[in-house]
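S.K.: What follows is a protein structure lacking sequence information:
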């Protein structure tokens, strides 16, 4: 297995986890919070997708799916269009409400498709390219992609936990 296959497999596992956490849920369950300060499935999946979209599009030097496919207008969130959820307060988390599981998965799947297309075109040497020199040490493409994978898997797991908790109510 080479690096691009390994990365594509990792992103496919995120897709499976996201779909397992979201498919078939009612809007009430997608938007539910286990307590007043908890993250909803809607926020968790929107946030992990926004981060993936932002970071991978930047590394690939393409426009974010959020903008190019007009997902920002479809979600109608009360934030600047550039928002990714990073640093959101509890009040901002509560403001992320989606009309359906299908909307959330539609955006996720569009980002997943762009991500996998990008990573399948990489070779090992590409992973050493610096994509963010503002850090010490500078962030390479390989490090950035692993960071996105790690963050996404954590949030997908959190969404699965919320779903399981809701199903046991």
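M.R.: Now that the structure is in, tell me what you want to look at. Note that the structure is a prediction, hence the values are computed from the model and not measured.
S.K.: so who does residue 115 touch?
M.R.: Shown in contact with residue 115 (Cβ atoms under 8 Å, 6 or more residues apart in numbering): 11, 52, 56. The way it works is simple: take the backbone N, C-alpha and C, and place the C-beta from them, glycine included.
S.K.: give me that answer again for 6 Å
M.R.: With contact set as Cβ atoms under 6 Å, 6 or more residues apart in numbering, residue 115 has these partners: 11, 56.
S.K.: is it fair to say it lies in a strand?
M.R.: No. Under DSSP: H, G, I helix; E, B strand; the rest coil, residue 115 sits outside any strand and is assigned helix.
S.K.: Would you mind measuring from it to residue 168?
M.R.: With distances taken as Cβ to Cβ, to the nearest Å, residue 115 is found 33 Å from residue 168.
S.K.: check which helix or strand covers the spatially most central residue of the chain.
M.R.: Nearest to the mean C-alpha position of the chain, by Cα atoms, centre = their mean, lies residue 49 at 2.0 Å. Secondary structure from DSSP states H and E places residue 49 in helix 41-60.
S.K.: Name the surrounding residues that touch that helix.
M.R.: Residues from elsewhere that reach helix 41-60, judged by Cβ under 6 Å, 6+ apart: 18, 30-31, 64-66, 84-85, 93, 96, 98, 104, 107-108, 111, 115, 118, 131, 141, 144, 148, 152, 155, 158-159, 162.
S.K.: okay, the angle between the helix ranked longest in the chain and helix 41-60?
M.R.: Longest helix of the chain, by residue count under DSSP state H: helix 141-167. Between helix 141-167 and helix 41-60, the angle comes out at 170 degrees (axes from the mean of the first three to the mean of the last three Cα atoms, to 10 degrees).
S.K.: packing partners for helix 141-167?
M.R.: helix 3-22, helix 41-60 (3 or more Cβ pairs under 6 Å, 6 or more residues apart in numbering; DSSP states H and E).
S.K.: 7 Å instead?
M.R.: helix 3-22, helix 41-60, strand 130-132 (3 or more Cβ pairs under 7 Å, 6 or more residues apart in numbering; DSSP states H and E).
S.K.: thought residue 17 was touching residue 160?
M.R.: Yes. Because the distance of 6.5 Å satisfies Cβ atoms under 7 Å, residue 17 is recorded as touching residue 160.
S.K.: Contacts only, for residue 107.
M.R.: Listed by Cβ atoms under 7 Å, 6 or more residues apart in numbering, the contact set of residue 107 reads 49, 71.
S.K.: Which secondary structure state is assigned to it?
M.R.: For residue 107, the reduced secondary structure class is helix; criterion used: three-state DSSP.
S.K.: measure it to residue 98 for me?
M.R.: Distance, residue 107 to residue 98, using Cβ to Cβ: 9 Å.
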